[in-house]
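J.: coordinates only, sequence not included:
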Ligand code: KIV
Ligand code: ZN
């Protein structure tokens with residue numbers, strides 16, 4: 001059977017990061033980039049370099065460490081943005097400039113306030129400028145699936161002639177229907193005389209729950225050979241096409257798709273967990289491939305069938321996608337070398353020895369409280385480390401709380417602000433409420449709490465609790481994540497983590513605006 005290669009383009013750190021509250025620090029992005037490279041993703045879209053200095057630095061750092069995947073940066077179709085992209089990416093082993101410009105009548109008229117001729121000219125000049133610096137240029141006509149096909153043919157033929165090597169057709173607002181989207185791409189490819197000079201790509205949003213189906217139709221009907229997707233389907237609004245679903249659909253139904261990806265599927269679950277821990281976006285239990293129940297057989301009939309012959313109810317194995325039973329990896333007596341080695345095996349690399357020393361000290365604290373340390377604990381421990389010390393406006397020094405039946409919960413906290421210790425006390429409706437009120441007694445952030453969620457990192461009552469707190473202030477939404485065997489302490493850490501992100505003044509432009 002002859003098979004074609006399907007290019008997997010991951011945009012977790014760009015489109016995924018656009019989801020409210022999912023913004024990531026440079027260190028967090030580096031960890032995700034290493035995990036994606038280990039998974040053998042073909043193209044990693046590392047960010048939007050012109051969005052902010054933080055984005056630029058994160059893209060530059062990723063370009064500096066990733067060796068086996070192409071690193072891409074998103075740029076609006078103007079010389080200033082493109083130059084920012086070039087500067088951030090040029091040190092990479094392999095890099096791509098990803099340009100976008102809206103082509104639907106609605107976007108051109110209402111958002112860009114440009115005529116189709118102006119858009120045509122800008123697309124042409126932008127690709128020409130990018131192609132002078134970079135041999136790998138992708139062009140995306142934003143809102144492509146709702147654009148006039150005649151106009152698209154004109155623009156796309158020209159940008160291919162200018163040297164665009166990948167043409168991506170975004171379904172920006174998740175409006176497409178599989179058969180129509182697939183046929184739309186097929187017709188464009190048939191009508192554009194030089195369409196064979198570029199690789200065609202799909203980029204779908206999940207507003208109607210059809211992102212994966214649309215992407216696959218773009219591949220089978222439309223002939224696209226690149227899929228843009230994100231881990232756990234993270235992304236604006238209802239999210240993007242989910243990487244794990246695409247990869248496993250193509251692999252499990254190879255008989256039908258006759259395609260191959262280069263992905264190491266055993267890295268799917270660890271990477272899914274990492275992204276979930278970093279962003280605080282919990283994966284729903286019944287999510288395909290990476291949900292906690294994806295391979296759980298609860299009904300007696302199914303259990304009986306699976307025990308007799310696994311294939312009766314399972315089309316892929318949990319091991320295929322990297323689900324391994326919780327493994328005890330380290331304990332109280334484990335030394336620094338074993339700790340560092342296990343982090344390395346999990347793909348966690350730290351910038352310097354000081355960072356390892358701090359993580360090791362946290363590990364020892366945890367091992368004092370918890371006899372068995374699992375991989376998930378190590379990941380939570382590193383995520384819990386939050387931002388680099390220099391970026392921590394607030395630090396939790398101490399906290400205590402008391403509650404009991406019929407008693408009003410009460411909490412006291414000691415925090416340091418830029419090195420100076422301050423304390424506060426408060427009562428609340430519950431222990432978490434009391435702690436948050438005590439913290440706010442010092443921080444006075446004026447932020448609104450949008451989300452509070454607690455998850456067990458592993459099984460059993462000894463497990464660490466991992467808490468996500470989402471705060472909003474003046475239109476800015478941030479997440480904080482904290483882990484501890486004491487969930488009230490984890491809650492305080494998560495709240496303070498979110499406050500530190502709010503204090504970090506990062507201003508970003510949203511690429512779709
Ligand atoms: O959804 C979209 O249109 C995009 C483009 C910038 C590729 O994310
Ligand atoms: Zn998008």
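T.: On my side now, so go ahead. These figures come from a predicted structure and were not determined experimentally. Ligands and ions are numbered 1, 2, ... in the order given.
J.: Does residue 268 touch residue 40 like I think?
T.: No. Using Cβ atoms under 8 Å as the test, residue 268 is too far from residue 40 to be in contact (11.2 Å). C-beta: built from backbone N, CA, C; applies to glycine.
J.: These two: which is more packed in?
T.: residue 268 (22 against 15; other Cβ atoms under 10 Å).
J.: so what's the more buried one up against?
T.: By Cβ atoms under 8 Å, 6 or more residues apart in numbering, residue 268 lies in contact with 39, 243-244, 247-248, 289-290, 321-322.
J.: any idea which of those residues has the most stuff around it?
T.: Neighbour max across these (other Cβ under 10 Å) = residue 243, 34 neighbours.
J.: how about the residues of the stretch 1-150 of the chain near ligand 1?
T.: 15, 74, 100, 140, 142 (Cβ under 6 Å from any ligand atom).
J.: now, which of those residues lie within strands?
T.: 74, 100, 140, 142 (DSSP state E).
J.: Now stretch 90-98: buried residues?
T.: 92, 94-98 (16 or more other Cβ atoms under 10 Å).
J.: nearest to ligand 1, of those?
T.: Nearest to ligand 1 out of the buried residues of stretch 90-98 is residue 98 (Cβ to the nearest ligand atom; 7.1 Å).
J.: re earlier: tell me which of the contacts of residue 268 is nearest to residue 372?
T.: residue 322 (20.6 Å; Cβ to Cβ).
J.: does the nearest residue to the closest one once chain neighbours are set aside sit in a helix or strand, and which one?
T.: Counting by Cβ to Cβ, 6 or more residues apart in numbering, the nearest residue to residue 322 once its immediate chain neighbours are dropped is residue 269, at 3.8 Å. Secondary structure from DSSP states H and E places residue 269 in helix 268-279.
J.: can you count the residues close to the residue nearest to residue 368 when sequence neighbours are not counted?
T.: Counting by Cβ to Cβ, 6+ apart, residue 368 lies nearest to residue 332, which is 6.9 Å off, once chain neighbours are set aside. Neighbourhood size, residue 332 [other Cβ under 10 Å]: 14.
J.: got the residues of the chain near ligand 1?
T.: 15, 74, 100, 140, 142, 170, 172, 203, 205, 511.
J.: domain parsing for the protein?
T.: Under the assignment automatic domain parsing, the domains of the chain span 4-279, 295-325, 328-383, 389-503.
J.: after the worst-scoring helix or strand of the chain on mean pLDDT, next one along is what?
T.: Taking mean pLDDT, DSSP states H and E as the measure, the chain has strand 328-330 as its least confident helix or strand, at a mean of 72. As assigned by DSSP H and E, the chain's next helix or strand after strand 328-330 is helix 336-345.
J.: and the angle from the very next helix or strand once past that next one to helix 336-345?
T.: Note on helix 336-345: by DSSP H and E, the next helix or strand toward the C-terminus is helix 353-369. Put simply, helix 353-369 runs at 100 degrees to helix 336-345, going by axes from the mean of the first three to the mean of the last three Cα atoms, to 10 degrees.
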